[in-house]
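Enquirer: With the sequence up front, the predicted model follows.
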Amino acid sequence: MIEWIIYIFLGIGLFFNLLASLGLLRFPDVYTRLHAGTKCTTFGAIFLAGAVIIYGAWRWYDGDTAMVNMAIHAAIALVAILVTNPTGAHAIARAAHRSGVKPSRALVDDLAPGEEAAEADMADVEVDDVE
Amino acid sequence: MIDLYDPFMISLIVLSISVLIALVRVILGPTAPDRIVGLDTVNTIVVVSMLAFGAATMEIIYIDVAIVYAVLSYITTLYVAKYLEGGEI
């Protein structure tokens, strides 16, 4: 019973981590790659660490008393991932926008600094070739 | 002794494949933020695979290493992002 819960959690986590790397390979743009590479790994890490936590709690319930340490430490690692990963993604997106990387096929940049820059962007906008 | 048919070890192999796919983006990436996104993804998957390896070999020390690796990779990501943004480090 508990084995099958662990297998299902591992399957969901592996599926989302594999989707993250495939999306990182296939998407056209820094921002869409961030979309794939950060959210999917966070969601997959929740389920994979959940599998480790359930495994440790299960071995502890069976009488192996040292394994409760594994469950608690895996929970701490999960909290570290959950706190740091979206913050890092936000920092990367901000740095990419400030360093001048445009989204592909974007016409108007609403976050450009100053009114003049926004109007200049709207005045001479160039439509890229749509592949 | 490492059991290759342990489900955590099988998931470790699949995670290694996804790390290799993400490393292709780190090598190919046209701009610097692309490479940082790839490195961030690789770091998260490495943390998760350290958890799976600790569960496969029943060693708690790998999970402690995973905690430290998560925090240090976060600091590295913030550092490089701040450098790209043009601010003072």
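Expert: Sure thing, it's come through. Numbering: from 1, shown residues only, chains lettered A, B, ... in the order given.
Enquirer: so how far is chain A from residue B:54?
Expert: 7 Å (Cβ to the nearest Cβ, to the nearest Å). Glycine gets a C-beta too; all of them are placed from N, C-alpha and C.
Enquirer: nearest residue to that residue other than its sequence neighbours?
Expert: Nearest residue to residue B:54 in three dimensions, chain neighbours excluded: residue B:62, at 3.5 Å (Cβ to Cβ, 6 or more residues apart in numbering or on different chains).
Enquirer: Show me where the chain has its helices.
Expert: Here I'm looking at chain A. Assigned by DSSP state H, the helices in chain A fall at A:2-26, A:30-61, A:67-98, A:115-123.
Enquirer: my bad, chain B
Expert: Under DSSP H, chain B gives helices at B:7-28, B:32-57, B:61-85.
Enquirer: Just list the residues touching residue A:92, thanks.
Expert: A:34, B:33, B:36, B:37, B:40, B:77, B:81 (Cβ atoms under 8 Å, 6 or more residues apart in numbering or on different chains).
Enquirer: And the pLDDT at the spatially closest residue to residue A:70 that is not a sequence neighbour?
Expert: The shortest distance from residue A:70 to any non-neighbouring residue, by Cβ to Cβ, 6+ apart, is to residue A:56 (3.8 Å). At residue A:56, the model reports a pLDDT of 91.
Enquirer: Could you do residue A:93 as well?
Expert: For residue A:93, the predicted pLDDT is 90.
Enquirer: same thing with residue A:112?
Expert: For residue A:112, pLDDT reads 70.
Enquirer: and it, how many neighbours does it have?
Expert: By the measure other Cβ atoms under 10 Å in any protein chain shown, the count of residues near residue A:112 is 15.
Enquirer: From residue B:70, how far out is it?
Expert: Distance of residue A:112 to residue B:70, given as Cβ to Cβ, to the nearest Å: 34 Å.
Enquirer: returning to that earlier point: which of the contacts of residue A:92 are buried, as a PyMOL select command?
Expert: For the buried members of the contacts of residue A:92, the matching PyMOL selection, counting by 16 or more other Cβ atoms under 10 Å in any protein chain shown, is:
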select buried, (chain A and resi 34) or (chain B and resi 33+36+37+40+77+81)
